[in-house]
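Visitor: fold the following, please.
(one chain, ligands or ions: 4)
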Amino acid sequence: MPNEMKRIELAFVLPIVLGASLMAACASDATDVASSEEELNAPGVPPAPRFGPWIDGYQPYVGQSGCDPVAKPGVISFRDLLRSTYGRNDMGIVRACNQGGTSEHKEGRALDYPFNVTNSGQRAEAEALLNWLLQTDQYGNPHAYSRRLGIMYIIWNHKIWNSNNPQAGWTSYSGPNPHTDHIHFSFGWPGARGETSWWRGVTRGPSLSGEGRAEIMALHDNGDIQAWYNVAGFKEMPWGGSVTIGRGFSDPSRVRFADLDGDGYSDIIAIQENGDVQAWHNGGAFKEMPWDGAAIIGRDFFDPNRVRLADLDGDGRAEIMAIQENGDIQAWHNGGGFKEMPWDGAAIIGRGFLDPNEVQLADLDGDGRAEIMAIHPNGEIQAWYNAGGFKEMPWGDSTIVGRGFTDPSRARFADLDGDGRAEIVAIQSNGDVQAWHNDGGFKEMPWGASLVIAIGFTDPTRTFFP
Ligand SMILES: [Ca+2]
Ligand SMILES: [Ca+2]
Ligand SMILES: [Ca+2]
Ligand SMILES: [Ca+2]
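Guide: Ligands and ions are numbered 1, 2, ... in the order given. From the prediction side, this is the model:
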C-alpha cells in the first residue's frame, strides 16, 4: 500500500536533476513478430501463456486417498478453458463419496469433458487437444502443456496416457467405461490447486523489444538513451539497428527498466529527485520513443541507489524493492500491473544487505522468479535461489555464481538469448562488454561459452540491458 511505503533516508543528496521529457508516442503499427509459441498453438486449441524453459516434472500417480468432492481451482480453470474453446458444458468434476470406486473425482481433481468419437468434428477436436497437451515445446520439453497443467493421466477412446510412465505413450484401457463420449483428465495435487507453471504465467523475461533477448543501451552525456536491438541472441555483437528511446536523463543512477504489466515489454522507470517513481509504459515494438502511457508507481524513494525492480513471484509483473539503511530489503507486490501505485502487499525479502551497491536481482534458472545476489567485497557473487516467490525471505540454497567482480558496478545479469536464464556480463575497463552464457541455470558457476558482445562501453553506470 502506498501509504505504508517507508521513507528511505537519504544518505546524501544527489546534485543532478532529472529532467525526463519522454514524449507519448502514437500507439500504432506495433510490429507483430511470429514467435515459436505461435507455432506451438495451432487454431482449435486453448490459448496458452508464454513460457520459458523451466518446466514442471512429470506428475507421479497419487490416487484418491480421502473424499472432498469440491472442485479444485486448477481443474475449474482448465474446464473453463475447454468450455471457451469448444463451447460445450463439461460432464462434471466432482463425484459423491459413496458412488463407485476410487476416483480423483471424489477429491475434485478430475474432469470429464465431452468429445464423442462417433462425431467427426468432436473427434478432430479431441485429437488436436491431446496432441497439443502432449507435444514437445520449443525448448525440447516433451509433453509440455500436460506437465505445466499438472495432469496425472488422460483416458479417451479405450486408451490411457499416464504421466508416471510417459515413455509408454497411449496404452490400452480396459476399464468398464470405454471413454468414447468424453475425455477424462486426472490432476495431481499441484495441478489441481493451480500451482504448476501453467498458472504461474510468463516465465520468459521481458526485453525492450518484447522478444525476450536483452537489448543494450547507453545513456549519453546529453541525456539521450540509445538502445541497440538484439537480433541474434547470445552472439558476438548481436545488435541490429539503434534508436533513441529516452531524452533528458542526466543521472544514470535514476534510470531502471522493468516490465510492470507482464506484457513482455520492458517499461522505463525514473526515480525522480522528489522521491516519485515515474514509469512510462512500453507500447510495444522496438522503435524510437515507444512509450504510450505514464504513471507514478512510488513515492518517497529518495535514494535511487536503494531502489530495485524485479519479478519475485513469476507472474511477469515486476515488484519494487527498497534496500533500507538497516540492511532490510522491503518489497511491495505488484498486483495491479501498469498503473498508479499497483502494490497490494509487502514483505521483507532480505536482511543484512548494508551496502545497496552490492545487491542485484535476476532470474538465473528461468522459472520467472528472480534470484537475489550479493556482490561481496572479495569479488565473489553469491546467489540465493528464489524458492518461495513473493513472501518473507523466499530464499533456498545459496551458491557462488561469479568471482573477480571487485567493482560491483561492472557486474550485470541479462538474458541475452531469451531462454529465460540470465547470462552474466562484465563491463571491462577497456569498454569491452564480455558475456558468459548461462548453461546451468541455478548452480555454482553455471557459465559456458564467453564472448564480447559490445565494445566502447567505458562507463558501466551508463550501460543498461533491458
Ligand atoms: Ca511492459
Ligand atoms: Ca511479480
Ligand atoms: Ca529463478
Ligand atoms: Ca539466457
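
Visitor: was I right to think T458 contacts Q428?
Guide: No: using CB atoms under 8 Å, T458 is not in contact with Q428; the gap is 9.2 Å. C-betas here are computed from N, CA, C, even on glycine.

Visitor: quick one, phi/psi of N164?
Guide: phi -80, psi 0 (degrees, to the nearest 10).

Visitor: what's the distance between it and A48?
Guide: For N164, the distance to A48 (CB to CB, to the nearest Å) stands at 24 Å.

Visitor: looking at the two, which one has more neighbours?
Guide: Neighbours around N164 and A48, counted as other CB atoms under 10 Å, are more numerous at A48. The numbers are 18 against 13.

Visitor: so that one versus L133, what's the distance?
Guide: On the measure of CB to CB, A48 and L133 end up 10 Å apart.

Visitor: could you tell me which residues touch both of these two?
Guide: Here A48 and L133 share the contacting residues Y145, scored by CB atoms under 8 Å, 6 or more residues apart in numbering.

Visitor: for this structure, what spans make up the helices?
Guide: 36-40, 73-86, 120-134, 144-149, 189-192, 197-200 (DSSP state H).

Visitor: ligand 4: which of the ones you listed is closest?
Guide: Distance to ligand 4, taken as CB to the ion, is lowest for helix 36-40 among those, at 15.1 Å.

Visitor: and that closest one, what's its mean pLDDT?
Guide: If you average the pLDDT over helix 36-40, you get 58.

Visitor: show me what from the chain comes close to ligand 3.
Guide: D363, D365, D367, R369, N386 (CB under 5 Å from the ion).

Visitor: nearest to Q138 among those?
Guide: D367 (16.6 Å; CB to CB).

Visitor: what sits closest to the closest one if chain neighbours are left out?
Guide: Nearest residue to D367, sequence neighbours excluded (CB to CB, 6 or more residues apart in numbering): W54, at 4.0 Å.

Visitor: what's the burial count for that neighbour?
Guide: If we define neighbours as other CB under 10 Å, then W54 has 24 of them.

Visitor: wait, it sits on S197?
Guide: Yes: checked against CB under 8 Å, the pair W54 and S197 is within contact range at 6.9 Å.

Visitor: tell me the spacing between E392 and D315.
Guide: Distance from E392 to D315, by CB to CB: 18 Å.

Visitor: between the two, tell me which one has more neighbours.
Guide: A count of neighbours by other CB under 10 Å puts D315 above the other of E392 and D315, at 22 against 12.

Visitor: run a quick neighbour tally on A422.
Guide: When neighbours are counted by other CB under 10 Å, A422 comes out with 28.

Visitor: dump the residue contacts of it.
Guide: Contacts of A422 (CB under 8 Å, 6+ apart): G205, A362, D363, L364, F413, A414, D415, N438.

Visitor: lowest-confidence entry in those residues?
Guide: For those, the least confident entry is G205, with 82.

Visitor: just give me the neighbour total for the closest residue to it other than its chain neighbours.
Guide: In this structure, G205 finds its nearest non-sequential neighbour in D415, 4.8 Å apart by CB to CB, 6+ apart. Counted with other CB under 10 Å, residues neighbouring D415 total 27.

Visitor: now swap in Y265 and tell me
Guide: The burial count for Y265: 23, using other CB under 10 Å.

Visitor: does the nearest residue to it once chain neighbours are set aside have beta-bridge partners, and which?
Guide: Nearest-residue entry for Y265: N282, 3.9 Å, with adjacent residues in sequence omitted and distances by CB to CB, 6+ apart. Note on N282: beta-bridge partners by DSSP bridges are W291.

Visitor: is it correct that N282 is in contact with G264?
Guide: No: between N282 and G264 there is no contact under CB under 8 Å: 9.2 Å.

Visitor: of those two, who's got more company?
Guide: Remark: of N282 and G264, N282 carries more neighbours, 29 against 20, as counted by other CB under 10 Å.

Visitor: OK, contacts around that one?
Guide: Applying CB under 8 Å, 6+ apart, the residues near N282 are L208, G210, D259, D263, Y265, S266, D267, I268, P290, W291, D292.

Visitor: now do 6 Å
Guide: By CB atoms under 6 Å, 6 or more residues apart in numbering, the residues touching N282 are Y265, S266, D267, P290.

Visitor: check the spacing between it and M445 real quick.
Guide: 33 Å.

Visitor: still on that earlier bit, in strands only, show me the residues of the chain next to ligand 3.
Guide: N386 (DSSP state E).

Visitor: min pLDDT across the residues of the chain next to ligand 3, which one?
Guide: When the residues of the chain next to ligand 3 are compared, D367 shows the smallest pLDDT, 86.

Visitor: still on that earlier bit, nearest to A227 among the contacts of A422?
Guide: A414 (13.0 Å).

Visitor: touching, that closest one and P466? I think so.
Guide: No: the pair A414 / P466 is not scored as a contact, 8.4 Å apart, by CB atoms under 6 Å.

Visitor: name the nearest residue to whichever residue of the stretch 351-466 of the chain sits closest to ligand 2, sequence neighbours excluded.
Guide: Nearest residue of the stretch 351-466 of the chain to ligand 2 (CB to the ion) works out as F390 at 6.4 Å. Distances taken as CB to CB, 6+ apart place D313 nearest to F390, at 4.0 Å, with adjacent residues excluded.

Visitor: isn't that neighbour up against G389?
Guide: Yes: look at D313 against G389 with CB under 6 Å: they come within range, at 3.8 Å.

Visitor: okay, these two: which has more neighbours?
Guide: When neighbours are counted by other CB under 10 Å, D313 and G389 differ, and D313 comes out ahead with 22 against 17.

Visitor: and the residue nearest to A168 when sequence neighbours are not counted, how many neighbours?
Guide: Distances taken as CB to CB, 6+ apart place N162 nearest to A168, at 6.7 Å, with adjacent residues excluded. When neighbours are counted by other CB under 10 Å, N162 registers 21.

Visitor: which positions in this protein make contact with ligand 1?
Guide: So far as CB under 5 Å from the ion goes, the chain lies against ligand 1 at D259, D261, D263, Y265, D267.
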